[in-house]
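Colleague: whatever this is, show me its structure:
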Amino acid sequence: APNAGKSTLVNAMVGSKVSIVSPKVQTTRFRVLGIVMAGTAQVILVDTPGIFQPRKRLERAMVAAAWSGASDADHICLLVDAHRGYDDDARAIVAKLKEVGRKAILVLNKVDLVKREKLLGLTAELDAEGLFTDVFMISALNGSGVADLLAHLEKLVAPGHWMFPEDQISDLPQRLLAAEITREKVFLALYQELPYSVHVETESWDERDDGSARIDQVIYVERDSQKPIVLGKGGKQIKAIGAAARTELEELLERRVHLFIHVKVRDDWSEKRGHYSEIGLDFDA
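Modeller: All right, here's what the predicted structure looks like:
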């Protein structure tokens, strides 16, 4: 379900940042794989965009990617925000899964924010749908219940060869991950609708002789009036966004990063076919 904590859960199970997180809905725009070694099993987690009622081309492509990820998966975990309850978004997903005949594992997240009586009622209401094979109650943020869920997924993995090297944690290219980290910082820094009008591209990535990396990025906005919002007074906002992104990139890459960010106006970035193919979305969805 939208903003239920899917990316936080995937990051918690992987043990590292592979998918960006913010309190805003629709932060995840495309499918991201998280790869976990659980005992002798390799568990491939598919973090999808939330499923909601789309209005724009990008939103339609995001929802199509979510359903594609679900249909391709061996097992489906439906993550429901226990604090928000069984809302219209969750009901629509349940109805669709029942329509296509797919069972799912129910994962109730943020259970630490809900009283026991409400949690039991919510569980009973969802269980009555006849869709779920198992129920797990977790808090992705503090890690409660996550190990139990991962142990269950380990048991479900079919025997076979690993799909990825043992030390790989995601299929996301570094250039795209760097752009996503910066986009996350934009989401966290700016409010209202502006973040949804933002696209980040890593234009160049140069490895330096001293072991550091120089990364040049562009933040694209759709209107001239949005550019000064991203820059901030005296460039304060963009400096803060860049500093936060650089700090996290240095932690992830375990080396020094020189990050240079420019802000440009491109009113049609969300209508560029190449942008969709770059991140694995269907332009014609």
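
Colleague: which residues sit in contact with Val230?
Modeller: The contact partners of Val230, by CB atoms under 8 Å, 6 or more residues apart in numbering, come to 186, 190, 194, 198, 219, 221, 237-238, 241, 263. Just so you know, the C-beta spots here come from the backbone N, C-alpha and C atoms, and that holds for glycine as well.

Colleague: helices - which of those land there?
Modeller: 186, 237-238, 241 (DSSP state H).

Colleague: top of those residues by neighbour count?
Modeller: Using other CB atoms under 10 Å as the neighbour test, these are led by Ile241, with 27 neighbours.

Colleague: if I look at that one, how far off is Asp88?
Modeller: According to CB to CB, to the nearest Å, Ile241 and Asp88 sit 34 Å apart.

Colleague: likewise Leu156?
Modeller: 30 Å.

Colleague: neighbour-wise, which of the two wins?
Modeller: Just comparing Leu156 and Asp88: by other CB under 10 Å the higher neighbour count belongs to Leu156, 13 against 10.

Colleague: tell me the pLDDT at that one?
Modeller: Leu156 carries a pLDDT value of 94.

Colleague: for Asp78, what are its contacts?
Modeller: Careful, residue 78 is Leu; it's not Asp. Taking CB under 8 Å, 6+ apart, we find Leu78 in contact with 1, 90, 93-94, 97, 104-107, 131-132.

Colleague: can you say which helix or strand has it in it?
Modeller: Secondary structure assignment for Leu78, by DSSP states H and E: strand 77-81.

Colleague: next helix or strand past that strand?
Modeller: Following strand 77-81 in sequence order, the next helix or strand is helix 88-100 (DSSP H and E).

Colleague: that's a strand at Val10, yeah?
Modeller: No - using DSSP: H, G, I helix; E, B strand; the rest coil, the assignment for Val10 is helix, not a strand.

Colleague: for it, what are its contacts?
Modeller: If you count contacts by CB under 8 Å, 6+ apart, Val10 has them with 18-19, 32, 34, 45, 47.

Colleague: so which of the residues you listed sit within strands?
Modeller: Mapping these onto strands (DSSP state E) picks out 32, 34, 45, 47.

Colleague: give me the buried entries from these.
Modeller: Burial by neighbour count, judged by 16 or more other CB atoms under 10 Å, picks out 32, 34, 45, 47 from those.

Colleague: report the buried residues of stretch 158-176.
Modeller: 169-172, 175-176.

Colleague: distance to Ala41, pLDDT and secondary structure for these - can I get that in CSV?
Modeller: Formatted as CSV, those follow (distance: CB to CB, whole Å; pLDDT from 0 to 100; DSSP: H, G, I helix; E, B strand; the rest coil):
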residue, distance to Ala41, pLDDT, secondary structure
Ile169, 15, 90, coil
Ser170, 17, 90, strand
Asp171, 18, 83, coil
Leu172, 21, 82, coil
Arg175, 30, 90, helix
Leu176, 27, 88, helix
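
Colleague: what residues sit buried inside stretch 73-84?
Modeller: 76-84.

Colleague: contacting residues for Lys110?
Modeller: By CB under 8 Å, 6+ apart, the residues touching Lys110 are 5, 81-83, 139-141.

Colleague: between the residues you listed, which sits nearest Asp72?
Modeller: Gly5 (21.8 Å; CB to CB).

Colleague: what is the burial count for that closest one?
Modeller: Gly5: 22 neighbours (other CB under 10 Å).

Colleague: quick one: it and Val146 touch, right?
Modeller: No - contact criterion CB atoms under 8 Å: Gly5 and Val146 do not qualify, at 10.8 Å.

Colleague: overlap in contacts of these two?
Modeller: Taking CB under 8 Å, 6+ apart as the criterion, Gly5 and Val146 both touch Ala140.

Colleague: turn the contacts of Lys110 into JSON lines, including distance to Asp112 and pLDDT.
Modeller: Shown next, in JSON lines, are the contacts of Lys110 (distance: CB to CB, whole Å; pLDDT from 0 to 100):
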{"residue": "Gly5", "distance to Asp112": "12", "pLDDT": "87"}
{"residue": "Asp81", "distance to Asp112": "12", "pLDDT": "95"}
{"residue": "Ala82", "distance to Asp112": "9", "pLDDT": "96"}
{"residue": "His83", "distance to Asp112": "9", "pLDDT": "94"}
{"residue": "Ser139", "distance to Asp112": "5", "pLDDT": "96"}
{"residue": "Ala140", "distance to Asp112": "10", "pLDDT": "95"}
{"residue": "Leu141", "distance to Asp112": "8", "pLDDT": "92"}
